[in-house]
Each structure stands twice: as structure tokens, then as C-alpha cells.
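J.: Just to be clear, the model below is a prediction. Sequence and coordinates:
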Amino acid sequence: MQASAHLAELLGIEILDPGPDAARARLEVTPSVCQPFGIVHGGTFAALAETLCSLATYEAVKDDGMLALGQSNQASFLRPISAGSVHAEARPRHRGRTTWVWDTEITDDDGRLCALVRMTVAVRPAP
């Protein structure tokens, strides 16, 4: 399934599983997601995690008339990715009434950990 948000489409984010217990996504490394030195831009990692975690939270709360909105995004970069695909797997650490907290591991094609992203997602009533 292709994420429907405009930024997600521009980056080429592919949502593989937006489940509430584990969510997965990936994107291909292209020049448009890299910084000038040829490695994936840190903002790409942050946007990938926020897209994945917000969508997974929304899928879990939408039937209750709620929305999911990114509230906090903290990324730590461990190793660069310059080719292939970027893989993201997120797991919820907290599922509250008004916030969900997710930990996302970003890996390369060889399964090496390249970034860790902690996302807080606000859960609010839909207008």
C-alpha cells in the first residue's frame, strides 16, 4: 500500500504493514532522498518514521472517531545508507488515550541498524 500523504508520495514511502503491534515500511534510495554527499538525508529517516507511526496509530484509533498527529520526533543516526532500500520497523511502547509512543528501527538492506527514531503521536478527536 502506498502512503497517501503528499510528502510520503514525494519520498516514495511504501507502507508494508500499518499494524498496531508492529508497523513496517520501506523506501528506495534515490538522489531525491539523499543529501549532497550521497547518503540518505536524516530528514528522510525522520519523515519515514513519522509517516509510519502516525498511519499505524490512525489505523488503530480511527474507528473511535480519532485522528493521529505527529507530536514529537527524535532521531539518532548510527550509520549511513547510500544505496538500496531503507527499511523501517516500528513498535509501540505506549498506547494511551491521548498519546502513543513508538520506537522505530531503521535498517539497510543487510539488516544493519542505521537509525533509531522515537515518535510520540497525539490522538485527538476528528473534527
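T.: Alright, I've got the coordinates.
J.: Does the residue nearest to residue 77 when sequence neighbours are not counted belong to a helix, a strand or coil?
T.: Excluding its sequence neighbours, the residue lying closest to residue 77 (Cβ to Cβ, 6 or more residues apart in numbering) is residue 115, at 5.1 Å. Just so you know, the C-beta spots here come from the backbone N, C-alpha and C atoms, and that holds for glycine as well. Following DSSP: H, G, I helix; E, B strand; the rest coil, residue 115 is assigned to strand.
J.: If we go by neighbour counts, what in the host helix or strand of residue 61 is buried?
T.: Assigned by DSSP states H and E, residue 61 belongs to helix 42-61. Within helix 42-61, the residues that count as buried by 16 or more other Cβ atoms under 10 Å are 44-58, 60-61.
J.: now swap in stretch 26-40 and tell me
T.: Those buried within stretch 26-40 under the rule 16+ other Cβ under 10 Å are 26-27, 29, 33-34, 39-40.
J.: Please apply the same query to stretch 88-107.
T.: So for stretch 88-107, counting by 16+ other Cβ under 10 Å, buried means 88-90, 92, 95, 99-102, 104-107.
J.: quick revisit: which pair in the buried residues of stretch 26-40 has the greatest spatial separation?
T.: Across the buried residues of stretch 26-40, no pair lies farther apart than 26 and 39, at 16.9 Å, counting by Cβ to Cβ.
J.: Can you name the residues that contact the spatially most central residue of the chain?
T.: Nearest to the geometric centre of the chain sits residue 49, at 1.8 Å (Cα atoms, centre = their mean). By Cβ atoms under 8 Å, 6 or more residues apart in numbering, residue 49 lies in contact with 73, 75, 88, 90, 102, 104, 106, 117, 119.
J.: Can you tell me the closest non-neighbouring residue to it?
T.: The spatially closest residue to residue 49, leaving aside those adjacent along the chain, is residue 117, at 3.7 Å (Cβ to Cβ, 6+ apart).
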